[in-house]
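Enquirer: Predicted model and sequence follow; I will ask about them next.
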Amino acid sequence: MFLCSLILLVCNRISAFYHPPYHSSAVQTFQKQPQLITLILLLLLLTGCSSSNPNQAATERHEYAFVTNGKSNTVTVIDLKTFRSQATIKVGKDPTSVVASPTRNEVYVVNSGSGTVSILNAESLRAEASFTVGRSPYSLALSPDGNTAFIPNSGSGDVSVVDLTTRRVLKRIATGRFPSAVAPTPDGKFLVVSNRDDGTLSLIDLKQLTKVSDLKVGAAPGPLSMLPDGSQVFVANTGDGTVSAVALPSLQLLTHLLVGKTPAHLALKPDGGELFVSNFDSNSITIINTYADEVSQTLLAGSNPSHLVVDHTGSFLYASNFGSHSITAIDVESRRVLATVSVGANPDALALTPDGHYLLALGTSSNDLAVVDASVRALSTLVTLGIAPRDLAIKVFDSPRNPASPNSAPATPSR
C-alpha cells in the first residue's frame, strides 16, 4: 500500500509541475516526456497495486483428508495445510470405506453396520444425506465419470448400483457369496466383483445392469487391481497365496501367480507396468511384471505388511507394517529399502498428500494419523482421530473466498 501511495503522489507532482497556464508549441513538446512517465506510473498503479490485495483472489483451495472411525461412528476431517482436525462428522454405524468424488464436492462413506452410505458435503463438512444399500456393505467404487457408485454388499450377496445425481438406488444385482471388492473398467462398460466365499469373479454389464458371467479363481479372492487400459484385472486370493491374472472383457483366466501368504493389498505403478503385492503373513512384498504376467522379484518388508501406495512418479513404494508399527519406503528402480519409519500402533491405510510431500498412515490401534515427511523420511506429527480408524480419502477443491477471512499460509507440521 505504501508503494501505491507513493506512485499516486509522484503522478500528482508531475501533473502539477508540467501544466503551466500557457500552451506554446515548445511547452507542448516539453510535456510529452513527463506525460509518458505519468502513464507508465498509472499502469503500475492499476496492475501492481490491485493484485497486492491478499483478498482479491476469487477462490480458495482446500485440501482435506477424511478418515472413517469404525467404533466412533464418525469421520474426522484433517486440514492438510495445517495438519489439524477441522471437523468430526457423525455418520452411520461402523463406517469402513470412504471415497472422494472426482467431480462433485462430495465424499461417500460406507457404513457396514447400518447398511447405508452417507454423503458428506466437502464444503460445509456436514453429512448431507444417506441411502440404504444391502447388508454388510464394506467398500465402494465410482464409475469413471463419477456419476454412479457401486457398493458390494457382503451380507446379502449383491451389488448396489446408485445414481449419485438423483441419489437413488437403481438396482441390486446378485453376485456370488460375500462380494468384497468391485472395480469398473475404464470405459465404464463393465464391473468386476470378487466373491470371497465362492472363490469367483463376477462380470456385470453396466448398460444392461445384469451379471454376464462368473469365473473361478483362487481361494478367498479379495483386492482387485485393473490395468489402465482395462485389458486385464488382477485379484489377490487371500486364502491360497496367489494372484490371478484375468483378461477383460472376456473374463478369461490367464494365469495364477504364486506370491506370499495372505496377499492383503495390491498397488499398481501409474504406467501399469508393475504390480506390488503385500503378503501379510510372509512379511514380504511381491513384484509382478504385468506385461509378462510373471513374478519378477520378492522383497523383504516389516512385520505383516498391509497397505501399499506408489507415488505419482512411480519412483517410490510405501508399505505399512501392521505388526511392527512402521512404514517402509522402497526405491522402485533399485528395489532398495530407503528407510523404516516408526509410526502409530498397527498402521494400515496409507495415502500421499496431493503434492507428494507427506505420507499419511492410519494407526488403527493408537487411533491417530501419522504424518511422515516423504523427503526426509521422518515422522513429522501425529493427529488424534476417533476410535478404530479404518480408511481415508483425500479431497481437493476450490471454493469462493470469504473476503473477511484472512489468508493462512500452509503450515509445516511440528513434532
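Expert: Structure's in. What do you need?
Enquirer: C-alpha only now, for contacts and for neighbours.
Expert: Fine.
Enquirer: What segments of the stretch 201-350 of the chain are strands?
Expert: With DSSP state E, counting those that start in this stretch, the ranges of strands along the stretch 201-350 of the chain come out as 210-216, 221-226, 232-237, 242-247, 252-258, 263-268, 274-279, 284-289, 294-300, 305-310, 316-321, 326-331, 336-342, 347-352.
Enquirer: mind checking which of those strands is nearest Ala388?
Expert: Ala388 lies closest to strand 347-352 among those, at 10.8 Å (CA to CA).
Enquirer: now the residue lying closest to Phe66 once chain neighbours are set aside: how far from Lys207?
Expert: Nearest-residue entry for Phe66: Val77, 4.7 Å, with adjacent residues in sequence omitted and distances by CA to CA, 6 or more residues apart in numbering. Summarising the geometry, the distance separating Val77 from Lys207, computed by CA to CA, to the nearest Å, is 36 Å.
Enquirer: The two: which has the busier surroundings?
Expert: Val77 (24 against 9; other CA atoms under 10 Å).
Enquirer: Quick one: residues in contact with the host helix or strand of that one.
Expert: Secondary structure assignment for Val77, by DSSP states H and E: strand 74-79. Strand 74-79 is contacted from outside by 62-69, 84-92, 95, 125, 385-386, using CA atoms under 8 Å, 6 or more residues apart in numbering.
Enquirer: Ok, stretch 86-100 next?
Expert: Residues from elsewhere that reach stretch 86-100 (CA under 8 Å, 6+ apart): 66-79, 106-114, 116-118, 125-127, 138-141, 390-395.
Enquirer: Mark which of the residues you listed are buried, thanks.
Expert: Applying a neighbour-count criterion of 16 or more other CA atoms under 10 Å, the buried members of the contacts of stretch 86-100 are 66-70, 72-79, 106-114, 116-118, 125-127, 138-141, 390-395.
Enquirer: Low-confidence stretches in the stretch 201-350 of the chain?
Expert: Applying pLDDT under 70 to the stretch 201-350 of the chain picks out no residues at all.
Enquirer: all helices of the chain, in order?
Expert: 2-17, 25-44, 50-51 (DSSP state H).
Enquirer: Quick check: bridge partners of Ala127?
Expert: Leu120 (DSSP bridges).
Enquirer: Give me the pLDDT value at it.
Expert: We note a pLDDT of 97 for Ala127 in this prediction.
Enquirer: closest one to Phe150 among the strands of the stretch 201-350 of the chain?
Expert: The stretch from the strands of the stretch 201-350 of the chain with the least distance to Phe150 (CA to CA) is strand 210-216; that distance is 13.2 Å.
Enquirer: what are the pairing partners of the closest one, and which direction each?
Expert: Strand partners for strand 210-216, identified by DSSP bridges, are recorded as strand 200-205 (antiparallel).
Enquirer: For the partner strand, what is the distance to the chain centroid?
Expert: Relative to the centre of its chain, strand 200-205 is centred 26 Å away, using CA atoms, centre = their mean, to the nearest Å.
Enquirer: angle of that strand against strand 221-226?
Expert: Comparing the axes of strand 200-205 and strand 221-226 via axes from the mean of the first three to the mean of the last three CA atoms, to 10 degrees yields an angle of 40 degrees.
Enquirer: what is the orientation angle of strand 200-205 with strand 232-237?
Expert: Taking the same axes, to 10 degrees, one finds that strand 200-205 is oriented at 150 degrees with respect to strand 232-237.
Enquirer: Keeping just the C-alphas, turn strand 200-205 into PDB.
Expert: Output in PDB follows, covering the C-alpha atoms of strand 200-205 (Å, rounded to 0.1, in the frame of the first residue of the first chain):
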ATOM      1  CA  THR A 200     -15.100 -66.400  -8.100                       C
ATOM      2  CA  LEU A 201     -15.100 -63.200 -10.000                       C
ATOM      3  CA  SER A 202     -18.400 -61.900 -11.500                       C
ATOM      4  CA  LEU A 203     -18.600 -59.600 -14.500                       C
ATOM      5  CA  ILE A 204     -21.500 -57.200 -14.700                       C
ATOM      6  CA  ASP A 205     -22.700 -55.400 -17.800                       C
END
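Enquirer: residues near Pro144, how many?
Expert: Residue crowding around Pro144 was assessed by other CA under 10 Å; the count is 16.
Enquirer: Tell me who's in contact with it.
Expert: By CA under 8 Å, 6+ apart, the contact set of Pro144 is Pro184, Pro186, Asp187, Gly188.
Enquirer: gap between it and Leu191?
Expert: With distances defined as CA to CA, the gap from Pro144 to Leu191 amounts to 11 Å.
Enquirer: Check Pro223 too.
Expert: When CA to CA is the yardstick, Pro223 and Leu191 sit 14 Å from each other.
Enquirer: Save the strands of the stretch 201-350 of the chain as CSV, and put in distance to Ala370 too.
Expert: Formatted as CSV, the entries for those read as follows, by distance: least, CA to CA, whole Å:
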stretch, distance to Ala370
strand 210-216, 39
strand 221-226, 24
strand 232-237, 27
strand 242-247, 30
strand 252-258, 33
strand 263-268, 20
strand 274-279, 20
strand 284-289, 22
strand 294-300, 23
strand 305-310, 14
strand 316-321, 11
strand 326-331, 10
strand 336-342, 9
strand 347-352, 9
